[in-house]
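Trainee: No sequence on hand, only this structure:
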């Protein structure tokens, strides 16, 4: 993403530079999303010739139109309506739930520092410590009832390899 739309109205919009250097980035898309966007572009070109992917009338779609679309589809799906920017937070929340690395989130969201990402989304990580403890338990599990331990009575137990 190298540009941002500064949109006043349908007749007064232009493209500007993103807010920060970190905002200028490439966002990887999966094959299914690319396929849908190509299909949409083909459909769209039959309706109106435009160079914008998200356009219904030849100009970039504004946030009010997107809000209307979200409202309409939330009603159809019988789910709570969220703000357009909420889609960004939902995406970040999903990636955290999928256990993606915070550094990947930082890059994808265009944050200049991982501390911004963690400061914004850190509250979504509370159970990660329990997950880590569980994984460590599986790695560290040891059956101390076996006879292959030394007779050392101190607090250090060493296993003896009987091979």
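Mentor: Yep, that arrived. All values derive from a computational prediction rather than experimental measurement.
Trainee: contacting residues around the closest residue to residue 118 other than its chain neighbours?
Mentor: Spatial nearest neighbour of residue 118, excluding adjacent residues (C-beta to C-beta, 6 or more residues apart in numbering): residue 102 at 6.0 Å. The C-beta positions use only the backbone N, C-alpha and C, and glycine is treated the same way. Shown in contact with residue 102 (C-beta atoms under 8 Å, 6 or more residues apart in numbering): 114, 117, 118.
Trainee: Nearest to residue 25 among the residues you listed?
Mentor: residue 117 (13.4 Å; C-beta to C-beta).
Trainee: Within the helices and strands, which one has the closest one?
Mentor: Counting by DSSP states H and E, the element that carries residue 117 is helix 114-121.
Trainee: top helix in this protein by residue count?
Mentor: helix 31-47 (DSSP state H).
Trainee: May I see the buried residues of the next helix-or-strand element following that helix?
Mentor: Next helix or strand after helix 31-47 toward the C-terminus (DSSP H and E): helix 63-77. For helix 63-77, the neighbour count (16 or more other C-beta atoms under 10 Å) marks residue 70 as buried.
Trainee: packing partners for the helix or strand just after helix 63-77?
Mentor: Downstream of helix 63-77, the first helix or strand assigned by DSSP H and E is helix 84-97. Helix 84-97 sits against helix 63-77, helix 102-109, helix 114-121, with contacts defined as 3 or more C-beta pairs under 8 Å, 6 or more residues apart in numbering; DSSP states H and E.
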